[in-house]
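[1] what shape does this take:
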Amino acid sequence: MRAILVCLLGIVVASPDLALAQKNTAKLPAGNEPRYFTSIDGLMDGNADVVLKENYQGKTVTSAVLDVCYPAARGSDRKDRFVVNLAVNGQTMTGTTQSLGDKLPVSVNLTRRQTSDTVEFKGQIRVGQTLTNVVSTDNSDLSEKEYLETQTTDDGISVAPKDFTEVSPEAVAVKVALDSAADFLKSLKGQNVEVTLGSLTASCEALRSGKMTINLAVDPDRAAALITKVRSFPGVASAGWTSGAVDMDRTIRFSASGWRDGATLNRDKLASSIAAVAAKTFSAKLASSRWNENTGKLTLTLKRDSETFPSLALTDVIELNALVAPDRPLNADHLMLWISAPSITTIDEAAGEKLKLIDNSPDDEESDQGDDYGIVDALAKDFKGQRWDVENSAWK
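    Coordinates of the predicted model:
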């Protein structure tokens, strides 16, 4: 209950366009046109999304619907939501309902007062045992057309991309009905696929639409088959590729000739070649090479003598991730290779007692070595590949 008390004080505006729209002054409705408030200061504590729809008869508010989506508990990403029909009696707006997730009783008692060009709301909202006083002034509204324009969203799913320049070959997204999501996720247990944890939290948009988008990572060679399979699952509205690991600035494209055994990638040859380029680029030796059977990513670990305090004979451990995939879903005669930025840590591997080291540099302090020692250019040269021209959106 205390967590809900923290929530029930203000609101977060959902988008910059919506925030701009809220600067419009309140307008008189045309005929029986409904009006919408989407930023009521003082109603929630900056952690919630709210929509108040007012219905009119002429210039008189006859009824309203208050839709509030908010964190279910302090520090939790899980959302709860209530939608309450409000009866209007003069300036008073009242109604009761139950929250959709935690089934808590909700009661609303607000007083609405029209000022010269804005609206003021005062009153109380009770969720469960938590009572919150509401004081919200200078509220502006939207017409139905303006409101609907702010509700257009892109789920990021590309059902049939012509290539993998705007979506990632290992990244799959599935839009599924909320009441089917649990069964869908259970069907993935034991499968060679990884589920993005953050996508398990239904957003306010998902709670309102009744559909959530779940993001998966899968070996690019199996992505198309997985997409075809999940499309037939009950409750699935859409499935396709989406954004993922591949960053075009760190990707090369090269002929597939010589890198396949039939329809299958020659992973041993690819790993050996990528590791050789990395070892030369970083002046290091390969320590390990491993393919992830779920996502198809290659992880390379290299080691070299550290230049930090040479007399201590410390060791730099360099880790790189790579992904090799066809450059398009169908009829691909080229492959694309993405390489991550290097992760470099320094450890003591000298004989005898070890020096315990910690790295307290800021997390956002990246290597300032141009193209990370030139690893992407080095791979492009070795594989006789192309790099992506961002300005012209083409391979060069």
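[2] and the pLDDT at the closest residue to residue 119 other than its chain neighbours?
    In this structure, residue 119 finds its nearest non-sequential neighbour in residue 139, 4.7 Å apart by C-beta to C-beta, 6 or more residues apart in numbering. Bear in mind the C-beta positions are built from the backbone N, C-alpha and C, glycine included. Confidence at residue 139, expressed as pLDDT, is 89.
[3] now swap in the one 4 residues further on and tell me
    Model confidence at residue 143, expressed as pLDDT, equals 94.
[4] start at 3 instead
    That works, and once the first residue is 3, the last one we named lands at residue 145.
[5] ranking helices and strands of the protein by mean pLDDT, which lands last?
    When the helices and strands of the chain are scored by mean pLDDT, DSSP states H and E, helix 18-23 comes last with a mean of 37.
[6] and the next helix or strand past it?
    Using DSSP states H and E, the helix or strand that directly follows helix 18-23 along the chain is strand 37-39.
[7] return the distance of that following strand from the chain's centre.
    The gap between where strand 37-39 is centred and where its chain is centred comes out at 28 Å by C-alpha atoms, centre = their mean, to the nearest Å.
[8] state the mean pLDDT of it.
    If you average the pLDDT over strand 37-39, you get 95.
[9] what does it contact?
    With contact meaning C-beta atoms under 8 Å, 6 or more residues apart in numbering, strand 37-39 is reached by 28-29, 31, 52-56, 58, 121, 141-146, 148-149.
[10] partner strands of the helix or strand following it and their direction?
    Later in the chain than strand 37-39, the nearest helix or strand by DSSP H and E is strand 51-59. Under the criterion DSSP bridges, strand 51-59 sits next to strand 37-39 (antiparallel), strand 62-73 (antiparallel) in its sheet.
[11] what residues of the longest one count as buried?
    Applying a neighbour-count criterion of 16 or more other C-beta atoms under 10 Å, one finds 63, 65-73 buried in strand 62-73.
[12] of those, closest to residue 198?
    residue 73 (19.9 Å; C-beta to C-beta).
[13] what bridges to that closest one?
    residue 81.
[14] so it touches residue 103, yeah?
    No - contact criterion C-beta atoms under 8 Å: residue 73 and residue 103 do not qualify, at 10.9 Å.
[15] okay, and the common contacts of these two?
    Common neighbours of residue 73 and residue 103 are listed as 80-82 (criterion: C-beta under 8 Å, 6+ apart).
[16] quick check: PyMOL command selecting the buried ones in those.
    Buried residues among the shared contacts of residue 73 and residue 103 (16+ other C-beta under 10 Å), as a PyMOL selection:
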select buried, resi 81+82
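[17] wait, which of the shared contacts of residue 73 and residue 103 is closest to residue 299?
    residue 80 (29.5 Å).
[18] how much space between the closest one and residue 179?
    According to C-beta to C-beta, to the nearest Å, residue 80 and residue 179 sit 18 Å apart.
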